[in-house]
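Peer 1: Next come a sequence and a model predicted from it.
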Amino acid sequence: MLKYVTRRLLMLIGIVFVISIGSFYLIHLLPGNPATVIAGVGATPEYTAKLYKLLGLNRPIYEQYFIWMGNVLHGNLGTSFISQTSVTSVIGAALPIDVEIIVLSQIIAFATAIPMAMRSSRRPDGPLDRVLGASSFTLLSIPPFVVIVMLVLLISIKLGVPHTGPSSYVSLGTDWVANLESLALPAFTLAIGSFVVYYRVLRSDLIATLQEEFITLARSKGISQRRIMWRHAFRPSSVALLGTAGVNIGGLLASGFIVQYLLAIPGLGYTLITAIFNSDYLLVQGIVFVVSVGVVLINFTFDFIINIVDPRISRE
Amino acid sequence: MSTEPEKLLVVEDLTTTFATPGGPLPAVGGISFNINKNETLGIVGESGSGKTVLSRTIMGLQPRTNVTVTGSVLLNGHQIVGASENEKRKYWGIDVAMVFQDPMTSLNPVMRIGKQIDESLRVRLGMSREAAKARAIELLELVGIPSPERRYSAYPGQLSGGMRQRVVIAIALACSPKLLMADEPTTGLDVTIQAQILNLIDELKERLHMSVILVTHDLGVVATRTSRIIVMYAGRIVEIGDTREVFTNHRMPYTRALLESSPKVTNPSHTRLIAIPGRPPNLMKLSAGCSFAPRCAYATERCHQERPELQSSGAPGHFFACWNPLPASQGAPTS
């Protein structure tokens, strides 16, 4: 187990290193060079040349990378040329909103998907299984940006629930009830997609597990069906669920961006899209780096949980 | 033995039919027998003869859908056929327990073995966590697992096949069942381990005063360990009797074919084994006659037309189903 974790950690460091090179290089992919971009349209060539030197762009690229990486390791992602604020502090303000939306959506998704999969897998192709199968497929085919618009129409505009409409984000520190209200629709929208995936993955794994001989043995002990489902069938069936969840949460960041933008919730997604429109490249770079590392860390965490759930995986 | 021994299990006209897309499949057809207390009964037959289905049906452990069971199984006075899952749950583990065929698949791979033994003790016998753990360690010791305290927290994947089968036996014994069903308990194991596991079951049967049903395709297994044998073919009993009687004085040609096809220690080396020609019949296309007739050297027209019922051989408790039985006392004496 320890050996496995160490090996995964080393791999993690390697991946983060590759991501850092990618995010660093992003700014060099821009047309012209960063100095022309930063100087903006209509700047004098002298000014651009001065800026070029000031930014250290005349140095070899690997040197530039190490300077940048050194700063990143000290928590400094640079200062935006557009807003003259520290990129780290902008991300620091926006990231918790994304985290909150994702955590809320995952709580909703797991709390609905697990009990429903546990029920329907007991009678594959039974009435409940058919209804859930058909409705989950329907839900899967509606994209989040359609769901959020429909929800806003129904809940914010028709029913008039406060703090749910666009541009009505309330921070957690100000009023937590209003904060939950303002994040309920985005969380719910993201939860739908996760629910469908989790329900389907867990259901099919449970159906396979319930065919196993050890389930018959558990049955022959004379223990209740409930106990067989939760104590014997659930754990060995949850490996694919956890793996899917790790990948899915990474994808949720992206769906979250669209929903945030539509509702003007100042999370990372909204900040990123605004930064792109403002040509605030350092901020874009910082967000790309933080999000990529975040996705890798989430997957690493889920891999670790899978190992605890199924001891067969880390055993050679 | 002048007094009638008490019957622990009485099976009458038991049939198990699976509903398949191709039509009904009669896996077990009209089986009747009984078991006395503290008796070991062997059930032998080729693969696909219905042994496993029979043993599961007796326990009431058949799948819950697409199966029809008729007849009667009285286990320690409880009717199993037609009983609800909730009723059967009360008998499982306590009246009857099963040792499964393949210890590689019958243990939960993500649950520590101690917890798998504990579970019956805590849920069925209401033991406290500590008492159950102590008892589970005792059981591990009883089935011959070295350093049981340490093994208590092992996962099945950390044990060998033989050790896993011992754990499966420990689970079966947890609530001191009156009847132990051993469904090919050694098929998945190394030859060297097989005898150990069989001896263990024998020894535990004596110590715990259980009855045992030993299901196997290996006649060598049942020869010395059972008091009576049932020979099954195509889901039916073709011969039943005291073990000695069946070995030395079998009347059904199938029983002889089965004996001739299994190796014996007393044979000189390089003796050819006589394989049974043909294959077991398709249970969905059974003829009206004897199911063994197509493979039988003694088959006559009648065998193909009319199914023979079990008839007494004269010896007490010895019955066979054959129109052209082998002459009495013709069977080759075996080890």
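Peer 2: Here it is on my side, so go on. Numbers count the residues shown, from 1 in each chain, chains lettered A, B, ... in the order given.

Peer 1: Could you check which helix or strand contains the residue of chain A found nearest chain B?
Peer 2: Chain B sits closest to A:G222 of chain A, with a gap of 3.6 Å, by Cβ to the nearest Cβ. Just so you know, the C-beta spots here come from the backbone N, C-alpha and C atoms, and that holds for glycine as well. Using DSSP states H and E, A:G222 is not contained in any helix or strand.

Peer 1: I'd say it and B:E87 touch.
Peer 2: No: between A:G222 and B:E87 there is no contact under Cβ atoms under 8 Å: 10.5 Å.

Peer 1: Looking at the two, which one has more neighbours?
Peer 2: Each of A:G222 and B:E87 has its neighbours counted (other Cβ atoms under 10 Å in any protein chain shown); A:G222 has more, 20 against 14.

Peer 1: OK, contacts around that one?
Peer 2: Going by Cβ atoms under 8 Å, 6 or more residues apart in numbering or on different chains, A:G222 touches B:88-94, B:120, B:123-124, B:175.

Peer 1: Can you tell me the closest non-neighbouring residue to A:I276?
Peer 2: A:V284 (6.0 Å; Cβ to Cβ, 6 or more residues apart in numbering or on different chains).

Peer 1: What is the stretch of helix or strand that neighbour belongs to packed up against?
Peer 2: With elements taken from DSSP H and E, the one containing A:V284 is helix A:281-309. With contacts taken as 3 or more Cβ pairs under 8 Å, 6 or more residues apart in numbering or on different chains; DSSP states H and E, helix A:281-309 sits against helix A:2-26, helix A:34-39, helix A:87-120, helix A:239-263, helix A:268-277.

Peer 1: change it to 7 Å
Peer 2: helix A:2-26, helix A:87-120, helix A:239-263, helix A:268-277 (3 or more Cβ pairs under 7 Å, 6 or more residues apart in numbering or on different chains; DSSP states H and E).

Peer 1: Switch those over to a markdown table; also include mean neighbour count.
Peer 2: Putting these into a markdown table (neighbours: other Cβ atoms under 10 Å in any protein chain shown) gives the following:
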| stretch | mean neighbour count |
| --- | --- |
| helix A:2-26 | 13 |
| helix A:87-120 | 19 |
| helix A:239-263 | 20 |
| helix A:268-277 | 20 |
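
Peer 1: Quick check: which of the ones you listed is nearest to B:Y233?
Peer 2: Set against B:Y233 and scored by Cβ to Cβ, the helices and strands packed on helix A:281-309 come closest in helix A:87-120, at 40.9 Å.

Peer 1: ok, whatever residue of the stretch 201-335 of chain B ends up closest to chain A - contacts?
Peer 2: Residue nearest to chain A within the stretch 201-335 of chain B: B:I213 (13.8 Å; Cβ to the nearest Cβ). If you count contacts by Cβ atoms under 7 Å, 6 or more residues apart in numbering or on different chains, B:I213 has them with B:35, B:41, B:43, B:55, B:179, B:181-182.

Peer 1: Return the set of buried residues in the helix or strand containing A:D205.
Peer 2: Per DSSP H and E: A:D205 is located in helix A:176-210. In terms of neighbour count (16 or more other Cβ atoms under 10 Å in any protein chain shown), helix A:176-210 has its buried residues at A:178-179, A:181-203, A:205-207, A:209-210.

Peer 1: Leaving out sequence neighbours, find the closest residue to residue 76.
Peer 2: You didn't pick a chain, so chain A it is. Nearest one to A:N76, counting by Cβ to Cβ, 6+ apart, is A:T88 at 6.2 Å.

Peer 1: Chain B was what I was after
Peer 2: B:N76 sits nearest to B:D95 (Cβ to Cβ, 6+ apart), 4.8 Å away.

Peer 1: Then A:I142?
Peer 2: Nearest one to A:I142, counting by Cβ to Cβ, 6+ apart, is A:I192 at 7.7 Å.

Peer 1: just checking, next helix/strand downstream of the lowest-mean-pLDDT helix or strand in chain A?
Peer 2: In chain A, the helix or strand scored least confidently by mean pLDDT, DSSP states H and E is helix A:34-39, which has a mean of 75. Scanning forward in sequence from helix A:34-39 by DSSP H and E, the next helix or strand is helix A:45-54.

Peer 1: Tell me the helices and strands packed up against that following helix.
Peer 2: Contact analysis of helix A:45-54 by 3+ Cβ pairs under 7 Å, 6+ apart lists helix A:34-39 as its packing neighbours.

Peer 1: got the contact list for the helix it packs on?
Peer 2: Against helix A:34-39 from outside (Cβ under 7 Å, 6+ apart): A:27, A:30, A:47-48, A:51-52, A:55, A:57, A:81, A:279, A:281.

Peer 1: Swap in 8 Å and give it another go.
Peer 2: Applying Cβ under 8 Å, 6+ apart, the set of residues contacting helix A:34-39 from outside is A:27-28, A:30-31, A:43, A:47-49, A:51-52, A:55, A:57, A:81, A:279, A:281.

Peer 1: got it, and stretch A:66-73?
Peer 2: Contacts to stretch A:66-73, defined as Cβ under 8 Å, 6+ apart, come from residues A:20, A:24, A:56, A:59, A:77-78, A:289.

Peer 1: rerun that using 7 Å as the cut-off
Peer 2: In contact with stretch A:66-73 (Cβ under 7 Å, 6+ apart) are residues A:20, A:24, A:56, A:78.
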